[in-house]
Structures are given as structure tokens and as C-alpha cells.
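Participant: predicted model follows, preceded by the sequence.
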Amino acid sequence: MEVYSEFQKLGPRSKRDIPWDVYGEDDTVISDREQVLNRWKNDYFELYNDSSGDYDDSFRTEILNTKAHLERNMQDPLFVGDPQLSRPIQIDEVKKAVGHAKNRKAVGTDNIPKKVLKSPTVINVLHLFFQLCFDSGKIPSIWTQSLTRFLKTGLTIHVCH
């Protein structure tokens, strides 16, 4: 099987070192592992839980109202969606998307190299899978996650406050 032979080529990878030096609140360099992890935790919490109130409440309300209106329209049996957006996914679209992926770049959370994704067998499987996701309106939960890569050691790390 072509896919299996591509997976065999993956082999073990060397473990990369994570830089354990970050800037603290007072711009001093923190090297202690526990303090670094705590700093990352706090920075990510602040990044994704903005409670500063710097957003416009009327804009948020408008977005929520528009979303509710669109959802009501889609439940209407007479609703006709945009045929361009409702058409089946074409295999050429999958080939084009996969073709844009560069070889020898870091893998994602699935650990599948781009070269494997470009295999015709895998493209066919991806096409069927994407169409299933499109038709069912369901996506794998892993697609809601992201992978963060850190800088190589020796480079300066800047932490935004």
C-alpha cells in the first residue's frame, strides 16, 4: 500500500529542545522551569480571555443578531442557500489545497508530513473525509486545536505585556 510505505518513512524524530528562558513581568530573564510554565500559562490565559472591555458592545450585539437571523433563515424550508457555497467539494480543490503545502516543513498535530498528504491515495481519502464533514456539519475536535512552536535556543524571546 502506498500510504503505508509513506508512513514507514517517518521514523523516529529527534527531540527538540524547548527554550526555558523567557522575560518576566519586570523584564528579567526567567529560567526556572516551573516559573516559565507558569508565565506561559498566564500569558496564554490573558491572550485568549480578554476581559479588558476594549471591544464595542454594539458591534458584538450586531454580530449576534446577524448570526441568529442567518440561523433562522437556514431553518426555513423555503430558504435557498448560495449554490456556490452548497456544492460538493471537488477533488481538484483538495489537490490544490494539499499542493500548496510545502514539503520538509513542521508537521501539524496529526504528525503527518506534507509529502504523505500529497499521495493520490491520501488525497482521495481526504476528499471523501472533507465531504463527509461538509455534509454532516461535524468536524474532528482536534481541528479546533493549534500547535505552537517555540523559537530555537539562542534567539531572543520577547514577551508582549
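Facilitator: Thanks, I have it.
Participant: packing partners of the longest helix seen in the chain?
Facilitator: Using DSSP state H to define each element, the chain has its longest helix at helix 57-75. Taking 3 or more CB pairs under 8 Å, 6 or more residues apart in numbering; DSSP states H and E as the contact definition, helix 57-75 has no neighbouring helices or strands. C-beta coordinates here come from the backbone N, C-alpha and C atoms, glycine included.
Participant: flag every buried residue along the helix or strand following that helix.
Facilitator: On the C-terminal side of helix 57-75, the closest following helix or strand by DSSP states H and E is helix 83-86. Within helix 83-86, no residue is scored as buried using 16 or more other CB atoms under 10 Å.
Participant: put the alpha carbons of the helix or strand following helix 83-86 into CSV.
Facilitator: Counting by DSSP H and E, the element after helix 83-86 in chain order, helix or strand, is helix 91-99. Below are the C-alpha coordinates for helix 91-99, written out as CSV (Å, rounded to 0.1, in the frame of the first residue of the first chain):
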residue,chain,number,x,y,z
ILE,A,91,-11.3,16.6,-5.6
ASP,A,92,-9.3,19.2,-7.6
GLU,A,93,-9.9,21.6,-4.7
VAL,A,94,-8.4,19.1,-2.3
LYS,A,95,-5.4,18.5,-4.7
LYS,A,96,-4.9,22.3,-5.0
ALA,A,97,-5.0,22.8,-1.2
VAL,A,98,-2.7,20.0,-0.5
GLY,A,99,-0.4,21.1,-3.3
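Participant: on that earlier part again, quick one: mean pLDDT over the longest helix of the chain.
Facilitator: Predicted confidence along helix 57-75 averages 83 (mean pLDDT).
Participant: residues touching it, excluding its own?
Facilitator: For helix 57-75, the external contacting residues (CB atoms under 8 Å, 6 or more residues apart in numbering) are Phe79, Gly81.
Participant: avg pLDDT for the host helix or strand of Val125?
Facilitator: Remark: Val125 resides in helix 120-136, with elements defined by DSSP H and E. Per-residue confidence for helix 120-136 averages out to 90 on the pLDDT scale.
Participant: returning to that earlier point: and the longest helix of the chain, how far out from the chain's middle?
Facilitator: On the basis of CA atoms, centre = their mean, to the nearest Å, helix 57-75 sits 25 Å off its chain's mean C-alpha point.
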